[in-house]
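>>> Kindly return the folded structure for what I paste below:
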Amino acid sequence: MPRKVVPIGPNTNKLIDDARVDLAREVLSVREGENEPDFGLPTTVVNLEDVEAVHSLRIQIIEKLSVFSDDERGPAERRAGRILTLADGKGVTSLETIVVQQLSADARADFEDQPDSVCRSIWAFLKAKETFEDAESFHFARRFRDIGKLYDSFEVDLDHTVALDASLIDEDALAAKIKEELDLRENVTCTVKAIDLPSTSTHPASVMLIVRHGGPLSSVYDHKQDGRRGTIYYRPPNEVTLIYTPSLRQIEICADSPVARQKVSDSFAEVTLGHNISDKPLTWKRYNLSRFRESFDLPKPKIDGYAFAHARVLEAEVRLGIWRRKLGLKVTIDDDIQKVADKWLGSRNVFRRGELFSRIGIAVVYSRVGDDRKRTLNITISGTKSCNLQSNTDPDERSLGFSLLKEWGILTAFRQIPDDDLRALFEQLAKLHDSGEDDVGGRYLKDLGLEPERLIEGGLLERKDRQDVILLDDDDLDGEGTILPANEEGMVRVVGPFGEDAGKMPADDTDRFAVNKVWLNETLLRLLKPMLDKRSPTPINEDLSLLGAMKIDGADAPVYFARKLHDLKTARRLDTILRGRQSGGVGIVLAASPELPEHLGPNVVVPLLSYLVADGSDCVIAREGVEIAWRTNHTLARGGDMPRVVRSGTQAGTLYIPGGEPLFLAGNDQLTIFERLVAAHVKGVPDLYVGDLMNGFAAKSPQPAFRSEMWKDIVGVYIGKGAKRGFWRLITTASPIEEVIEAETAVEEPV
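Numbers count the residues shown, from 1 in each chain. Just a heads-up that it's a prediction; the model follows:
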């Protein structure tokens, strides 16, 4: 008789169904924190050969779990998902690979004695937790490789291949170097574990390193059973996974932070490979295939020491709308691929209109000066990051191939932008960061005064394809304009919505670029560090970061970096966040937006572009100017000496209450309501009739002017009902708001 399916979570259900029942019960009884409930699972010992007894125990386990809520079962559901991941497909081989390398012969025998892959995964989770976690890291690293979404791939310019396996890596020395480079505190442990990765049908033999260290101290709220709120402090784990393939001289690395990716790669190359980073920095390469939208012709290059017969494109693959849909064309070296495409696919074929080339194959026929032997070099580029040249064992051919790709404008190599240049570009980079855009156009970058090619080399931008459509705002033309090729080099034609001639424009104005927002944010944070007395760079969300603290008048003032404050929704959201982070006292919010509120929560907002230093010093911001701005405005950040509403534009402003936190207001309705409440309070008649309060508004109550979340925050704190029904008043003695004691108030040194 089939059992009734109880909604306890798909992974938990599958684990109970598929695993041996005693192992399923044991792993579901695991508690990894005091906040996790004890499910009280049955402890009955059953004969595993008794089908009815086993079935009955499974039903009992499900019934016990079903009385708990989804969030109470959440940790167990996630653990079940992790176990099942290593019990299916490539997860099985990932687990077996690490088990063979790390466990003793006896432990491996116990592992292999388990009846199936699910039970073996459970056994590893229960009996060899560290090995299980290493297998997870390996498995996800393999997935990144297989789907081509590794965060970064660096190339090491070694004179010869270095034979390397896990046993040759000094893990302690490498961990010490990484700790130094990441500027981790003394009490933060950094560990490195090296694992050999055997060769597969798609990947040569490699070595994987798992680097683990604690992140910046943080905290979360804990709701106690008695209704009180507590704070749990913790140090989140950070992990970097590095894969080095000796035959390719290639480092592949996964980590959240681009700075960590680069520094860990540098440390590995220096300590393990003995590579001189100063003389030969690690490079990443990006391939730009957009030139093939115009033509498949490749001009004959001029490179000293070589004579070239011709270079031809033999293979092209273009994506059709979505990545999974593609069209490929291959020809012989005697064919002209463009003519073949035009003949068989039409003169307006997809290769002339392709938005995204994903693969290009090139054959170069050449000879070396002084050698009459004719040679052929085949180059295949796949996407923006992959090229077969890196696996070419001949260093001369490898070097020649990369030189050719540079000559044709296909290859861009990473080149770290010096700090002096970054400081000189700080204003433009801050404006780019403040825009919050994922993609930007060439014209926008030109207006900012930024050179796309230099930012691409420095990792701050990645090239995308050109725009096919632009918005026309000419007096005579309005609507969408279509971009078409022009007969003038470096220009494109613009055609109006009804075929009108809208003139020409520079082709590079229509280029599109993806902003590497994480790298850009970390670059700006690094440039702002010199103005701080204490440094603890901690991202709070994508629009707000804690930098550390400045000591002003003997006290530490928290310093934040925010963006998009010109957007009312963003400013309101950040105001709510910062009003919950008040225990550090009146702080500073640095921002580059053209329109800024004066305060966010109990913090003074400082327009950082007004305090730029122009003398080329290490500090890009004049610290004295920021201190003056804080001293001038910190009284208002504490609420001022009397209630007031200060507008910072027609649709934004701040309410100040003596002794209370400033409240950011967005929209004329909110501003007007509080202006009327303040005016009534100042007149000595604090209760204001709702008809007078809402005069001119369609609503009959102030509540609709505020989002539901905001209303819950402010009612009873800033606004409340009057003594009589139908009246409202400004609350000037704010009800106590429990302080939010978070890790940022300690303002640590870097971790």
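>>> any idea which element the closest residue to Leu242 other than its chain neighbours lies in?
Closest residue in space to Leu242, ignoring its immediate chain neighbours: Leu209 at 4.3 Å, by Cβ to Cβ, 6 or more residues apart in numbering. In this view, the C-beta of every residue, glycine as well, is placed from N, C-alpha and C. Leu209 belongs to strand 206-214 when assigned by DSSP states H and E.
>>> for Tyr244, same thing?
strand 237-245.
>>> Could you check the angle the next helix or strand after that strand makes with strand 206-214?
Counting by DSSP H and E, the next helix or strand C-terminal to strand 237-245 is strand 250-254. Orientation check (axes from the mean of the first three to the mean of the last three Cα atoms, to 10 degrees): strand 250-254 against strand 206-214 gives 40 degrees.
>>> Partner strands of strand 250-254, with direction?
strand 152-155 (antiparallel), strand 237-245 (antiparallel) (DSSP bridges).
>>> Pick out the shakiest of these, pLDDT-wise.
The minimum mean pLDDT among the strands paired with strand 250-254 belongs to strand 152-155 (a mean of 72).
>>> what's next to it, contact-wise?
Strand 152-155 is touched from outside by 249-253, 258, 261-262, 265, 269, 282-285, 385, 390, 414, with contacts defined as Cβ atoms under 8 Å, 6 or more residues apart in numbering.
>>> Who is Ser382 paired with across the strands?
With DSSP bridges as the rule, Ser382 is bridged to Arg359, Ser386.
>>> can you pull out the helices in the stretch 101-250 of the chain?
Ranges of helices in the stretch 101-250 of the chain, per DSSP state H, counting those that start in this stretch, are 105-112, 117-127, 129-147, 171-181.
>>> Quick one: closest of those to Val518.
helix 129-147 (16.5 Å; Cβ to Cβ).
>>> now the closest one and strand 250-254, what's the angle there?
Going by the same axes, to 10 degrees, helix 129-147 makes 110 degrees with strand 250-254.
>>> Could you pull out the strands in the stretch 251-400 of the chain for me?
285-287, 306-320, 322-330, 356-368, 375-382, 386-387 (DSSP state E, counting those that start in this stretch).
>>> Quick one: list the elements packing against the shortest one.
Strand 386-387 makes packing contacts with strand 285-287, strand 375-382 when contacts are defined by 3 or more Cβ pairs under 8 Å, 6 or more residues apart in numbering; DSSP states H and E.
>>> Give me whichever of those strands is most buried.
Comparing these by mean neighbour count (mean count of other Cβ atoms under 10 Å), strand 285-287 comes out on top with a mean of 19.
>>> helices and strands around it, which ones?
Looks like strand 285-287 contacts strand 386-387, strand 411-413 (3+ Cβ pairs under 8 Å, 6+ apart).
>>> mean confidence score for the shortest one?
What that stands for is strand 386-387. Here the average pLDDT along strand 386-387 is 80.
>>> Likewise for stretch 424-443?
90.
>>> how long is it from one end to the other?
End-to-end distance for stretch 424-443, by Cα to Cα, to the nearest Å: 21 Å.
>>> returning to that earlier point: hey, what's the residue nearest to Leu242 bridged with?
Ala194, Leu242.
>>> Tell me the bridge partners for Ile254.
Careful, residue 254 is Cys; it's not Ile. Thr241.
>>> That one - how many residues pack around it?
20 (other Cβ atoms under 10 Å).
>>> so how far is Asn238 from it?
12 Å (Cβ to Cβ, to the nearest Å).
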